[in-house]
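Student: pasting a predicted model and its sequence here:
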Amino acid sequence: MNTILLQPADVLFFRDGRPMGGALAGHGAAWPLPNVINAAFHAALHRSGFSKEAHPHRRGASGVYAADAERDRKFGSLVTAGPFPVKEGEVWLFSRPQDLQDATLQPGLVPTDSFDSITSSLPDPLEYAVANPLPPSKESGAKAWISQEAFETYLGTAGSPVSPDQVAKHVYDDSDTFDREHTIGIGIDPKTGCQDGERFYSAHYLRLRERWQLGVYAMADDKEFKSPEHGNDLVKALLNGGHHQIIVGGQQRICSAKTVEGAPLVMPRGKTDGFNERNEKVLVKWILLSPAIWPAINAEVERDINAHPGGWLPNWINPYNGDVLLKSGDVGRRESESRDVWRQRVRRQGNISAKLVSAIVSKPIVVTGWSLPDEGGAGDAEKSGGAQSTHLAVPAGSVYYFEANSRVEAAKLAAALNWHGSDSQRTTIKNRRSTLLGEKGFGLGVCGTRRFHGKV
């Protein structure tokens, strides 16, 4: 994937789904979600003039297409990850794991088995509550972001761990990376482009601090696009090795996009082995680097689909007993293999022998959007435009704790949950464990090991 640094020319506006008008300020100064950046690159590709050279797709959802559906969708091969805060093009930051409660890189929240899980208020299928072994305090020294080096020190995968006296140089708050600005705006008549004389609004804008950029990974491997210089990658052709301007977020805000040539994927490396053991169980934890969306699923008997509550609980976890439903072995789609044959082959493979036993999940993030009217849309909703479906995403930094039945099964679990799989070279994003919007960068995570709080 291409490593891209986005440098805003001015403030940016990333509005969520809350109302904006009168005394209600637009909440547009939050850190942008992955789908916003994906949409920016998708729109840039449409404006680039590559439409005639790109592979066309049919309209439809969930693999269901009308027999006479026209192939008029473009750039379906676009995949992105990020954005992440980047300082001076070198220091990449990631959301702080929720089990870190102070200024050190030692977990302050750990599972405890010193209570009766049957009579507790823990939701199914969790078995262990999470306790804090630190002394009581009204203040937390934990900050919002930590560097890649600090993250790998926390996971135990760093080649050169960050020393305790250097941790302060590797942790940052939101205020260290960006600022929020408040502005009063006026309503604009879309027909005349002038003030409509009726509406006023207040809004918050995000301004990156000096020397900071948005770090993004993007690629669009199109099978019909063939460039002697850029191969099949539409994103590489779009940027063409130099600077390119991309509209990011609302209100037509401009960012310059610069490709970092030959750069590896700068994301924390997760553990693939060396996990702690207790009572013949191997202890694994999984930390989200980006938000994840797990929707509620209704049962469909004819398709052998069971109901699932979704929300904070991954759809690949059995909601009754916590068993991991991910398959072990080769689950990738082989060349020239049809989707039906691929899905049937994967279903026949056995599940990984592990279960979810505890979790730390903070408040959900609202993921929504707005569609412009599309006269050629497949349904009334597409033709008229309007608000898109609203989803509640589990935020980055959330922690999930697992118990595997053996070291072999723990290695399989890590290979299925780490964004880089079992590849220590970290050259490719192999796993996106979000049920929805994985191609837009949701559901990236890394594995580490854990311990128990002990008797309290």
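Tutor: Arrived safely. Numbers count the residues shown, from 1 in each chain.
Student: just the C-alpha atoms of the lengthiest strand in the chain, please, in PDB.
Tutor: Secondary structure of the chain per DSSP state E: the longest strand is strand 195-208. Taking Å, rounded to 0.1, in the frame of the first residue of the first chain, the C-alpha atoms of strand 195-208 are listed here in PDB:
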ATOM      1  CA  GLN A 195     -26.300  34.400   1.900                       C
ATOM      2  CA  ASP A 196     -29.800  33.200   2.300                       C
ATOM      3  CA  GLY A 197     -30.700  35.800   4.900                       C
ATOM      4  CA  GLU A 198     -32.200  33.300   7.300                       C
ATOM      5  CA  ARG A 199     -29.600  30.900   8.800                       C
ATOM      6  CA  PHE A 200     -26.700  31.400  11.100                       C
ATOM      7  CA  TYR A 201     -24.700  28.500  12.700                       C
ATOM      8  CA  SER A 202     -21.800  27.900  14.900                       C
ATOM      9  CA  ALA A 203     -19.200  25.200  14.200                       C
ATOM     10  CA  HIS A 204     -16.000  23.700  15.500                       C
ATOM     11  CA  TYR A 205     -13.100  23.100  13.200                       C
ATOM     12  CA  LEU A 206     -10.000  21.000  13.500                       C
ATOM     13  CA  ARG A 207      -6.600  22.600  13.000                       C
ATOM     14  CA  LEU A 208      -3.500  20.400  13.000                       C
END
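Student: buried residues, that strand. List them.
Tutor: 201, 203-206, 208 (16 or more other Cβ atoms under 10 Å). No exception for glycine: its C-beta is placed from N, CA and C like everyone else's.
Student: burial of the residue nearest to residue 423 when sequence neighbours are not counted, as a residue count?
Tutor: Excluding the flanking residues, the one nearest residue 423 by Cβ to Cβ, 6 or more residues apart in numbering is residue 430, at 6.9 Å. When neighbours are counted by other Cβ atoms under 10 Å, residue 430 registers 15.
Student: with residue 391 instead?
Tutor: 22.
Student: where does it land on pLDDT?
Tutor: Looking at residue 391, its pLDDT is 90.
Student: in contact with residue 244, which residues?
Tutor: 44, 238, 256-257 (Cβ atoms under 8 Å, 6 or more residues apart in numbering).
Student: can you pull the pLDDT of it?
Tutor: 84.
Student: that one bridge partners, please.
Tutor: residue 257 (DSSP bridges).
Student: one step back: okay, the residue nearest to residue 423: pLDDT?
Tutor: pLDDT for residue 430: 90.
Student: would you check that it makes contact with residue 414?
Tutor: No: under the criterion of Cβ atoms under 8 Å, residue 430 makes no contact with residue 414, lying 11.8 Å away.
Student: average model confidence for stretch 442-454?
Tutor: Rounded mean pLDDT across stretch 442-454 is 90.
Student: quick check: buried residues in that stretch?
Tutor: 442-450, 452-453.
Student: what does stretch 135-155 give?
Tutor: For stretch 135-155, by 16+ other Cβ under 10 Å, it's 142-155.
Student: so in this structure, where's the weakest helix or strand by average pLDDT?
Tutor: Least confident helix or strand, the chain: helix 380-384 with a mean of 58, by mean pLDDT, DSSP states H and E.
Student: any stretches of the stretch 51-200 of the chain with poor pLDDT?
Tutor: 58-72, 115-118 (pLDDT under 70).
Student: strands along that one, start to end?
Tutor: Assigned by DSSP state E, counting those that start in this stretch, the strands in the stretch 51-200 of the chain fall at 57-58, 71-73, 78-87, 91-95, 110-112, 129-131, 145-147, 171-172, 178-188, 195-208.
Student: to residue 9, which of those lies closest?
Tutor: strand 195-208 (10.6 Å; Cβ to Cβ).
Student: what about the closest residue to residue 113 other than its chain neighbours, distance to residue 401?
Tutor: Once flanking residues are discounted, residue 113 sits nearest to residue 128: 5.4 Å by Cβ to Cβ, 6+ apart. Taking Cβ to Cβ, to the nearest Å as the measure, residue 128 falls 7 Å from residue 401.
Student: joint contacts of these two?
Tutor: Common neighbours of residue 128 and residue 401 (Cβ under 8 Å, 6+ apart) are 111, 357-358.
Student: number of residues surrounding residue 348?
Tutor: Counted with other Cβ under 10 Å, residue 348 comes out at 8.
Student: my bad, residue 54
Tutor: When counting by other Cβ under 10 Å, one arrives at 22 neighbours for residue 54.
Student: who's in contact with it?
Tutor: Residue 54 neighbours (Cβ under 8 Å, 6+ apart): 45, 74-75, 222, 224-225, 234.
Student: out of these, give me the one that has the most neighbours.
Tutor: Counting by other Cβ under 10 Å, top hit in those: residue 234 with 28 neighbours.
Student: quick one, what contacts the closest residue to it other than its chain neighbours?
Tutor: Distances taken as Cβ to Cβ, 6+ apart put residue 220 closest to residue 234, at 3.8 Å, once the chain neighbours are dropped. For residue 220, the contacting residues are 41, 45, 75, 77-79, 233-235, by Cβ under 8 Å, 6+ apart.
Student: helix/strand/coil for residue 220?
Tutor: Put simply, residue 220 is strand when judged by DSSP: H, G, I helix; E, B strand; the rest coil.
Student: related to what we said a few turns ago, to residue 6, which of the strands of the stretch 51-200 of the chain lies closest?
Tutor: That would be strand 78-87 among the strands of the stretch 51-200 of the chain, by Cβ to Cβ, at 6.9 Å.
Student: what angle sits between that closest one and strand 91-95?
Tutor: 110 degrees (axes from the mean of the first three to the mean of the last three Cα atoms, to 10 degrees).
Student: who does strand 78-87 pair up with?
Tutor: Short version: by DSSP bridges, strand 78-87 pairs with strand 91-95 (antiparallel), strand 212-220 (antiparallel).
Student: the residue of the chain most remote from its centre and residue 188, how far apart?
Tutor: Largest separation from the mean C-alpha position in the chain: residue 197, at 40.9 Å (Cα atoms, centre = their mean). According to Cβ to Cβ, residue 197 and residue 188 sit 11 Å apart.
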